[in-house]
Structures are given as C-alpha cells and as structure tokens.
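A.B. asks: got a predicted structure plus its sequence, pasted below:
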Amino acid sequence: MMEKNAKIYVAGHRGMVGSAIVRELERQGYTNIITRTHGELDLCRQEEVENFFAEVKPEYVFLAAAKVGGIMANQEALADFMYSNMILEMNVIHSAWENGCKKLEFLGSSCIYPRMAPQPMPESCLLTSELEKTNEAYALAKISGLKYCEFLNRQYGTDYISVMPTNLYGPNDNYHPVHSHVLPALIRRFHEAKESGAKEVVCWGDGSPLREFLYVDDLANLCVFLMNHYSGNETVNAGTGKELTIRELTALVARVVGYQGEIKWDKSKPNGTPRKLLDVSKATKLGWTYRTELEEGIRLSYEDFLKNPMRVER
C-alpha cells in the first residue's frame with residue numbers, strides 16, 4: 001500500500017489520463033504528488049530523466065505520458081509514434097529501476113492485442129497473432145514498455161505492473177478535428193454542426209465496428225487500486241466489458257449534444273479494428289468495477305468540452 005505522504009510521480013499529468021490520476025490521488029488523500037511539465041522535464045531526453053530520478057527519488061511512479069492520436073494521426077506519423085513512445089517509456093522505467101523506485105505502473109492501450117484476437121480479449125492473447133496495421137507503431141512501443149516491466153520483474157525482482165485501458169474519454173481530452181480519438185471527435189463535430197445549423201454530418205467508415213469506452217476517472221480509480229492491491233507480470237485490462245457500434249455511439253453523442261440533423265457515412269474511409277472488447281474478469285476478480293455509464297460520461301465530457309478554452313487550437 002502506498003503511504004499517504006509517499007513521493008508519487010505522475011508522468012504525463014497534463015494529459016487526460018495523468019490529470020485524472022492526480023485528481024484520484026488527491027481525492028484519496030495523497031499529499032506528496034510530484035509532477036513536471038514537458039518544459040521542465042523532456043521524457044525523451046535520457047539525461048534529463050536520469051537527473052530527475054537521481055535528485056527526486058520518487059517511491060511510486062504512474063507512467064501515463066505518451067504520444068497519442070486517432071487513426072489518421074497514427075497513419076501519418078508511424079515513425080514518430082514509435083520513437084517518442086518507446087524512448088520516453090524506456091527512459092522513465094529504466095531510471096525508476098536504477099533509483100530504487102518501490103513500484104511503477106505502466107499504462108498501455110488495448111491496441112496491443114492482435115487485430116483478430118478472441119473477443120472479449122483476455123490478457124493472455126498478447127502476441128498470439130498480427131497487430132492492426134493502422135496503429136501498429138504505437139502498439140509495438142506499448143508492448144515494449146510492458147515487456148520491459150515484466151523482464152525487470154523477472155530479472156531483478158522489481159514490482160512493476162501494467163494496465164491496458166480500452167478506449168478512454170473524459171475531462172482534458174483532445175478535441176482536435178483530425179488528430180483526436182473517435183468519441184471526442186464526434187463531440188466536437190456534432191457541437192459545431194449544431195452551432196452552424198448544418199443539415200448533415202459525415203462520419204468515417206460504415207459505423208459497424210464495435211467499441212468499448214471507459215470514463216477516464218474510472219480508469220484513474222482502477223490505477224490507484226491496482227498500485228495498492230496488485231502485483232504480477234501479466235497486464236490488467238481496464239474497461240467496462242460493454243460494447244456498442246460506432247453507429248450507435250454516433251447517435252448517442254448526437255443526442256447528448258442536441259444535434260438533430262442527418263448522419264451520413266463515408267465508406268471510403270477506414271473502419272479500423274472490427275471489434276475491440278476487453279475481457280475485464282481479472283479486474284473484477286480483484287474487486288474493482290467501473291462506475292460511470294456511457295451516456296452520463298458523454299454528458300460530463302460535453303460539459304468539459306464547452307468550458308475547454310483550447311478546443312479550437314489543439
């Protein structure tokens with residue numbers, strides 16, 4: 001168990017996941033949360049990371065920093081996604097180990113699992129067949145991070161764990177019109193369509209892929225729970241165990257936002273992985289379950305979008 005005054009470093013605290021972890025730690029009464037902005041600490045610079053860990057000596061680390069994006073961003077910047085994610089995670093994990101960090105939690109993504117994995121996807125299906133090509137570079141980097149944690153455990157007896165979230169959404173999401181994930185992109189698109197009085201909104205693909213969504217504050221709650229109650233080499237899936245089609249999601253977002261026009265589908269655009277449902281029985285057996293239902297989460301996300309001053313520029 002983490003002591004309430006333990007030195008806890010949250011890497012990536014300005015992002016959606018990192019900021020949610022900070023909120024959850026504060027809610028639970030942790031008082032010594034360490035953060036650094038990118039300007040203060042560039043995690044892709046090995047020497048900077050080594051100096052930070054040698055000076056600060058965090059006892060616990062939540063590694064939530066990552067270069068992230070949707071299908072288009074992943075296709076446009078394959079090398080960038082692989083390099084940035086692999087370098088920053090290796091720098092943080094290695095420096096944590098070198099400086100005697102008690103426990104580290106690495107956050108990955110459900111895209112690490114094979115394109116045609118059994119559904120729902122158990123943790124054990126990792127590396128059993130080929131990855132989805134549209135996010136292969138990002139997935140390979142995340143697989144490397146979780147495997148490095150596993151190998152440190154096996155070789156040096158560390159207590160480093162990994163968590164693989166499903167599709168996330170919530171406060172501090174990225175609402176960029178091109179480089180965001182599907183749910184925040186839909187929130188922005190329908191909001192702008194409502195504001196402009198557009199008669200129709202065109203969405204990518206045919207709407208058939210099945211997706212699962214987890215509210216980011218629920219993930220943060222699980223992250224702190226696992227840091228206190230789980231040790232093991234195998235990753236832990238983080239999700240709801242529920243799925244819906246992109247077409248159903250689109251209709252739900254339109255309803256929450258209040259857009260009443262027509263929704264059309266551009267079938268020339270890629271769908272991505274046909275289905276991505278996580279097997280969350282492991283987290284359930286550990287004693288954790290999600291709290292926020294999708295419609296309520298979308299409503300909270302839309303409220304965040306409306307007060308987010310960066311939504312146009314990002």
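C.D. replies: Great, that's in hand. Residues are numbered from 1 along each chain as shown.
A.B. asks: mind showing which ranges of the chain have poor pLDDT?
C.D. replies: Low-confidence segments of the chain (pLDDT under 70): 68-75, 178-179, 309-314.
A.B. asks: quick one, strands of it?
C.D. replies: With DSSP state E as the criterion, the chain has strands at 8-11, 33-34, 60-63, 103-107, 160-165, 167-169, 200-204, 210-211, 213-215, 236-238, 244-245, 262-266, 275-276.
A.B. asks: nearest to residue 180, of the ones you listed?
C.D. replies: The minimum distance between residue 180 and the strands of the chain falls on strand 167-169, with 10.0 Å, by Cβ to Cβ. C-beta here means a position set from N, CA and C on the backbone, and glycine is covered the same way.
A.B. asks: follow-up on the earlier one: out of the strands of the chain, which is closest to residue 286?
C.D. replies: Within these, the stretch nearest residue 286 is strand 236-238; the backing value is 7.5 Å (Cβ to Cβ).
A.B. asks: quick check: neighbours of that closest one in the sheet, parallel or antiparallel?
C.D. replies: Its sheet considered, strand 236-238 pairs with strand 160-165 (parallel) by DSSP bridges.
A.B. asks: may I see the buried residues of the partner strand?
C.D. replies: 160, 161, 162, 163, 164, 165 (16 or more other Cβ atoms under 10 Å).
A.B. asks: what sits against the fourth one?
C.D. replies: For residue 163, the set of contacting residues under the criterion of Cβ atoms under 8 Å, 6 or more residues apart in numbering consists of 105, 106, 107, 108, 219, 222, 223, 226, 235, 236, 238.
A.B. asks: ok, now with 10 Å
C.D. replies: Each residue near residue 163 by Cβ atoms under 10 Å, 6 or more residues apart in numbering is listed here: 17, 62-64, 105-109, 146, 219, 222-223, 226-227, 230, 235-238, 283.
A.B. asks: show the contacting residues for residue 184.
C.D. replies: Residues near residue 184 by Cβ under 10 Å, 6+ apart: 16, 70, 168-170, 173-176, 253, 301-302, 304-305, 308, 311.
A.B. asks: now distance to residue 185 too, for the strands of the chain, in JSON lines please.
C.D. replies: Putting those into JSON lines (distance: least, Cβ to Cβ, whole Å) gives the following:
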{"stretch": "strand 8-11", "distance to residue 185": "26"}
{"stretch": "strand 33-34", "distance to residue 185": "31"}
{"stretch": "strand 60-63", "distance to residue 185": "26"}
{"stretch": "strand 103-107", "distance to residue 185": "21"}
{"stretch": "strand 160-165", "distance to residue 185": "18"}
{"stretch": "strand 167-169", "distance to residue 185": "10"}
{"stretch": "strand 200-204", "distance to residue 185": "9"}
{"stretch": "strand 210-211", "distance to residue 185": "13"}
{"stretch": "strand 213-215", "distance to residue 185": "13"}
{"stretch": "strand 236-238", "distance to residue 185": "22"}
{"stretch": "strand 244-245", "distance to residue 185": "16"}
{"stretch": "strand 262-266", "distance to residue 185": "13"}
{"stretch": "strand 275-276", "distance to residue 185": "17"}
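A.B. asks: which among these is found nearest to residue 115?
C.D. replies: Closest approach to residue 115 among these (Cβ to Cβ): strand 275-276, 9.5 Å.
A.B. asks: name the residues that touch the closest one?
C.D. replies: For strand 275-276, using Cβ under 10 Å, 6+ apart, the contacting residues are 110-111, 113, 115-117, 119-121, 132, 166-167, 208-212, 239, 243, 245.
A.B. asks: make it 8 Å
C.D. replies: Under Cβ under 8 Å, 6+ apart, the answer for strand 275-276 is 110, 111, 113, 119, 121, 166, 167, 209, 210, 211, 212, 243.
A.B. asks: repeat for stretch 138-158
C.D. replies: With Cβ under 8 Å, 6+ apart, stretch 138-158 has contacts from 63, 66-68, 74, 81-82, 85-86, 89-90, 93-94, 97, 104, 106, 108-109, 111-112, 126-127, 131-132, 159-162, 164, 233, 235.
A.B. asks: returning to that earlier point: for the contacts of strand 275-276, which one is nearest residue 268?
C.D. replies: residue 209 (15.5 Å).
A.B. asks: between the contacts of residue 184, which sits nearest residue 204?
C.D. replies: Closest approach between the contacts of residue 184 and residue 204, by Cβ to Cβ: residue 70, at 9.5 Å.
A.B. asks: sorry, back to before: which of the contacts of strand 275-276 fall in helices?
C.D. replies: In helices, judged by DSSP state H, none of the contacts of strand 275-276 are found.
A.B. asks: by neighbours, which of those residues wins?
C.D. replies: For the contacts of strand 275-276, neighbours were counted using other Cβ atoms under 10 Å, and residue 113 has the most, 29 neighbours in all.
A.B. asks: verify the stated contact: residue 264 with residue 199.
C.D. replies: No: look at residue 264 against residue 199 with Cβ atoms under 8 Å: they stay out of range, at 10.2 Å.
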